[in-house]
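Please work out how this folds:
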Amino acid sequence: MDNYTRAIRFEHPDYIPMSFHINAACWHSYPKEALWDLMEEHKHLFPWFTRPDPAWMPGYGPDARAGEPYRDVMGCVWETAISGIRGTVTKHPLADWSAFGTTWHMPDPNTTDGINPVDWKACEATWTKTRGQGGHISGHLRHGHTFMQLCDLRGYQNLMYDMADEELLLDELIEQLTDFNLTLVNRFINSGCCASMSYPEDLGMQIGPMLSPEHFRRYIKPAYQKLMKPAVDAGIPIHMHSDGDIRDLVDDIIDSGVEIINLQDLVNGIDWIADRFRGKICVDLDVDRQKITPYGTPAQIDALIREEVEKIATPRGGLTMVYGLYPGVPLENVKALMDAMEKYAFYYS
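Next up is the predicted model:
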């Protein structure tokens, strides 16, 4: 059993799993060589890293290209102001319900993942090869598979009115969307190669969730339960991500079968997270990107990571941590964060 699995299942990992993701926009916002130097200095966080050709630049997804609006397979139009950072939907194909079932139809899940066209047969061949080589894959739905997808299709304000008005067409749309997503989930589960399943969405605002707990239970939770059931039945660990303050929703989220909860630290509160989850549910802690890491000192960053490890982790496991680097964080703070994540990964070792 690998270290990550032991961490999420409270079976005494050798170290706390730490992940450091560098957003694509960083490669045109910082000197590439400076980031490469830091990656080479932190072998625990980047064991796979080999310095590329100096001319290398990342590719940007079609929904992350400044000045290039992108219409996805659902008909949603994406725009971004900064290349490398995923944009927002500016045109909603179901802003008027009259399009539902006439000019707009749910796409075929056998040809797409909900954002882009996909050759699933080629994907399955890759999964089988990976498994044959002793590796594993992490199955996942696209980020924003249910609630956010409804927002993208209808528009947030329209969706809130739909829920308040108990719009019957919304029930039909959710049923179609859930069936679409369930086909994708079953494709991962039935491959026999899936070591975990991830269901990423954003449900929270800076204070409170984007929808009421009552509306979550009425419209979203049943879809989650249906989508997570195949993984639950197969004994595959379920990972759920949400940005924002989700404290009012978290009991219902966990109730759907979640084994690893990925949530933001300072927005929800370190003490609240520790009181609610320590020793019970594995926390995949999303490290602050709003306050201390961009604006604090290296000493404050070290203290933040230490506090989170001391309060949430246990010698048995139950904590993993992830940081997403975006432009604007001073390089000395980037180094301090990498240093702290490597140091406190071995707090219980």
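
which residues sit in contact with the nearest residue to Thr128 once chain neighbours are set aside?
Residue nearest to Thr128 in three dimensions, not counting chain neighbours: Cys193, with 6.3 Å by CB to CB, 6 or more residues apart in numbering. Just so you know, the C-beta spots here come from the backbone N, C-alpha and C atoms, and that holds for glycine as well. Shown in contact with Cys193 (CB atoms under 8 Å, 6 or more residues apart in numbering): 127-128, 130-131, 136-137.

So which other helices or strands are in contact with the helix or strand harbouring Ile261?
Take DSSP states H and E as the rule and Ile261 turns out to sit in strand 260-264. Other helices and strands packing on strand 260-264, by 3 or more CB pairs under 8 Å, 6 or more residues apart in numbering; DSSP states H and E, are strand 238-241, helix 250-255, strand 282-286.

do that again at 7 Å, thanks
With contacts taken as 3 or more CB pairs under 7 Å, 6 or more residues apart in numbering; DSSP states H and E, strand 260-264 sits against strand 238-241, strand 282-286.

Nearest to Asn268, out of those?
Shortest distance between Asn268 and the helices and strands packed on strand 260-264, using CB to CB, is found for strand 282-286: 9.4 Å.

low pLDDT regions in this protein?
1 (pLDDT under 70).

Give me the longest helix you can find in it.
In the chain, with assignment by DSSP state H, the single longest helix is helix 168-190.

residues contacting Ile292?
Counting by CB atoms under 7 Å, 6 or more residues apart in numbering, Ile292 touches 300-301, 304.

Any of the contacts of Cys193 buried? List them.
Neighbour counting with 16 or more other CB atoms under 10 Å marks 127, 131, 137 as buried within the contacts of Cys193.

Switch the residues you listed over to TSV; also include secondary structure.
Output for those, formatted as TSV (DSSP: H, G, I helix; E, B strand; the rest coil):
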residue	secondary structure
Trp127	helix
Arg131	helix
Ile137	strand
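
which among those gets closest to Leu38?
Here the nearest of the buried ones among the contacts of Cys193 to Leu38, counting by CB to CB, is Ile137; it sits at 28.5 Å.

circling back: tell me which residues of the longest helix of the chain are tucked away?
Buried residues in helix 168-190, counted by 16+ other CB under 10 Å: 170, 173-174, 177-178, 180-182, 184-185, 187-189.

Name the residues that touch it?
Residues from elsewhere that reach helix 168-190 (CB under 7 Å, 6+ apart): 97, 100, 106, 109, 113-114, 120, 139, 141, 145-146, 149, 162, 194, 197, 219, 223, 226-227, 230-231, 234, 236.

List only those of these flagged as buried.
In those, burial by neighbour count holds for 97, 100, 106, 109, 113-114, 120, 139, 141, 145-146, 149, 162, 194, 197, 219, 223, 226-227, 230-231, 236, counting by 16+ other CB under 10 Å.

related to what we said a few turns ago, between the buried residues of helix 168-190, which is closest to Val73?
The closest of the buried residues of helix 168-190 to Val73 turns out to be Phe180 (CB to CB; 10.5 Å).

where's the closest residue to Ile254 other than its chain neighbours relative to Arg316, distance?
Leaving aside its sequence neighbours, Ile254 sits nearest to Ile281 (CB to CB, 6+ apart; 6.3 Å). For Ile281, the distance to Arg316 equals 13 Å [CB to CB, to the nearest Å].

same thing with Lys335?
From Lys335 to Arg316 the distance is 31 Å (CB to CB).

likewise Thr50?
To Arg316, Thr50 is 35 Å away according to CB to CB.

mind listing the strands in this protein by residue range?
Counting by DSSP state E, the chain has strands at residues 18-22, 70-71, 77-79, 88-91, 137-140, 194-200, 238-241, 260-264, 282-286, 319-325.

Note down every partner strand of the third one and its orientation.
Sheet partners assigned to strand 77-79 using DSSP bridges are listed as strand 70-71 (antiparallel), strand 88-91 (antiparallel).

Helices of the stretch 1-150 of the chain, residue ranges please.
Ranges of helices within the stretch 1-150 of the chain are 3-8, 32-41, 120-132, 147-154, based on DSSP state H, counting those that start in this stretch.

shouldn't Asp63 be in contact with Ile85?
No - contact between Asp63 and Ile85 fails when scored by CB atoms under 7 Å: they sit 9.8 Å apart.

of the two, who's got more company?
For the pair Asp63 and Ile85, the greater number of neighbours falls to Asp63 (22 against 18), based on other CB atoms under 10 Å.

And the more buried one, how close does it get to Val73?
Noted for Asp63: a distance of 11 Å to Val73, by CB to CB.

Is Ile137 in contact with Trp127, as I believe?
Yes - look at Ile137 against Trp127 with CB under 7 Å: they come within range, at 5.0 Å.

ok, now which ones touch Arg306?
The contact partners of Arg306, by CB under 7 Å, 6+ apart, come to Tyr344.

Could you count how many residues lie near Ser191?
By other CB under 10 Å, 16 other residues sit near Ser191.
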